[in-house]
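Asker: below is the structure, and that's it, no one-letter string:
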């Protein structure tokens, strides 16, 4: 089968979408499929995560991959893409995120190529971002997709009824950690509260730092470590400095060896306003790290089961509630140990082969119609 994956940009991108998409592409190549990747990237683009060299990467190289293209660039893209489609002749196109899905659907009009629109966020994101005013138009555009994928079952009900019958639920895959690495006891009296993600408004790390500042004197043995990069890095550095926490809070930037961080962490916190399928949270749970997040944060509350594998704070930006959940877990070793064991069990249903089989079954189902 010939499968074309499409996304805005993969150049040096270290996000969850890129990591997950590359994992699917690499697996489909291993299963004998012909896989292509189409992005707006320049010719010299390189992926952050290893991409199988058998994947045919089509780089459009017309206009800024991250900016709004001019009408002239869009017309040129349309001609170039239609020419590429005739050469590649894909059995289906899987487009990640709405922008490139809609553009490719228009550019390939009349070519009879089935489309999957892969949505990577909960619809609750529309409450926080400016594009939310176009929510109904975005929903209407998904009528042009043959299928729409979302990442968790609870998201289906948030779509209009006219879309629900074409929605498939496929979570992200979660690597299962070797049992000999789990629950390793440590004599280190220092404890680590870990957070991972892009340093952005969505991830809400400023609230976490503010909360940790309030708890720092009560728990002098705990340090906060945040892995990731993004547009709020300077804001967070200033917050750390103003709170005089330079020796207690560390911003690591982008980290390649995440396993070391997970193995050394005692507690994980994801204070996000919303998510799609929170990869970092799922990975933390797979390493047996009890986790904290907000009950109203879509995606987060789907993975954290309160008092089972972590604690859910009420509200979505409530500092007192988040501090209370952190205080309870940071101060209770027995609770953390019990939630740690449950955490590993809670993500076994996302074992990679199970998820890859779901994608492959969907590809066959669409291509054969």
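Answerer: Here it is on my side, so go on. This is a predicted model, so every value here is computed, not measured.

Asker: this structure: helices as residue ranges?
Answerer: 16-30, 71-88, 98-107, 135-141, 161-164, 205-215, 233-242, 258-264, 279-286, 300-303, 319-330, 333-346, 352-367 (DSSP state H).

Asker: how about the fourth one, which residues are buried there?
Answerer: Same thing as helix 135-141. 138, 139, 141 (16 or more other C-beta atoms under 10 Å). C-beta: built from backbone N, CA, C; applies to glycine.

Asker: and if you look at the first one?
Answerer: If you call a residue buried by 16+ other C-beta under 10 Å, then helix 16-30 has these buried ones: 16-18, 20-29.

Asker: from the buried residues of helix 135-141, which single one is nearest residue 5?
Answerer: residue 141 (19.3 Å; C-beta to C-beta).

Asker: tell me if I'm right that that closest one and residue 98 touch.
Answerer: Yes: counting by C-beta atoms under 8 Å, residue 141 does reach residue 98; the two are 7.0 Å apart.

Asker: for residue 60, find the nearest of the helices of the chain.
Answerer: Proximity of these to residue 60 was assessed by C-beta to C-beta; the nearest stretch is helix 71-88, lying at 5.7 Å.

Asker: from the contact counts, what lies against the closest one?
Answerer: strand 34-39, strand 56-59, helix 98-107 (3 or more C-beta pairs under 8 Å, 6 or more residues apart in numbering; DSSP states H and E).

Asker: so which of the helices of the chain is the most packed in?
Answerer: helix 279-286 (a mean of 25; mean count of other C-beta atoms under 10 Å).

Asker: just checking, what packs against it?
Answerer: helix 16-30, strand 191-196, helix 258-264, strand 267-270, strand 291-294, helix 300-303, helix 333-346.

Asker: that helix to strand 191-196, inter-axis angle?
Answerer: Orientation check (axes from the mean of the first three to the mean of the last three C-alpha atoms, to 10 degrees): helix 279-286 against strand 191-196 gives 140 degrees.

Asker: what mean pLDDT does helix 279-286 have?
Answerer: In this model, helix 279-286 has an average pLDDT of 96.

Asker: picking up where we left off before, can I get the helices of the chain in CSV with distance to residue 46?
Answerer: Putting the helices of the chain into CSV (distance: least, C-beta to C-beta, whole Å) gives the following:
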stretch, distance to residue 46
helix 16-30, 12
helix 71-88, 20
helix 98-107, 19
helix 135-141, 31
helix 161-164, 36
helix 205-215, 28
helix 233-242, 23
helix 258-264, 20
helix 279-286, 21
helix 300-303, 31
helix 319-330, 38
helix 333-346, 35
helix 352-367, 24
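
Asker: just so I know, which of these lies nearest residue 226?
Answerer: Of all those, helix 205-215 comes closest under C-beta to C-beta, at 6.0 Å.

Asker: ok now that closest one, how far from the chain's centre?
Answerer: Per C-alpha atoms, centre = their mean, to the nearest Å, the displacement of helix 205-215 from the mean C-alpha position of its chain is 23 Å.

Asker: elements contacting that helix?
Answerer: Against helix 205-215 (3+ C-beta pairs under 8 Å, 6+ apart) you get strand 191-196, strand 222-227, helix 233-242, helix 319-330.

Asker: what's in contact with it?
Answerer: 193, 195, 197, 199, 222, 224, 226, 232, 235-236, 239-240, 243, 245, 248-249, 269, 271, 317, 319, 322-323, 326-327, 330 (C-beta atoms under 8 Å, 6 or more residues apart in numbering).

Asker: how much space separates residue 366 from residue 113?
Answerer: 10 Å (C-beta to C-beta, to the nearest Å).

Asker: repeat for residue 344
Answerer: From residue 344 to residue 113 the distance is 41 Å (C-beta to C-beta).

Asker: so which of the buried residues of helix 135-141 comes closest to residue 155?
Answerer: Of the buried residues of helix 135-141, the one sitting nearest to residue 155 (C-beta to C-beta) turns out to be residue 139, at 12.8 Å.

Asker: could I get the contacting residues of the closest one?
Answerer: With C-beta under 8 Å, 6+ apart, residue 139 has these contacts: 159, 160, 163.

Asker: quick one: residue 243 from residue 192, how far?
Answerer: 18 Å.

Asker: grab the nearest non-local neighbour of residue 64.
Answerer: residue 40 (8.0 Å; C-beta to C-beta, 6 or more residues apart in numbering).

Asker: quick one: contacts for that neighbour?
Answerer: With contact set as C-beta under 8 Å, 6+ apart, residue 40 has these partners: 8, 9, 59, 60, 62, 63, 64, 65, 69, 77, 100.

Asker: wait, doesn't residue 116 sit right on residue 91?
Answerer: No: between residue 116 and residue 91 there is no contact under C-beta under 8 Å: 11.3 Å.

Asker: neighbour count winner among these two?
Answerer: Taking other C-beta atoms under 10 Å, residue 116 and residue 91 do not tie; residue 116 has more neighbours (25 against 17).

Asker: thanks again, I'm all set now.
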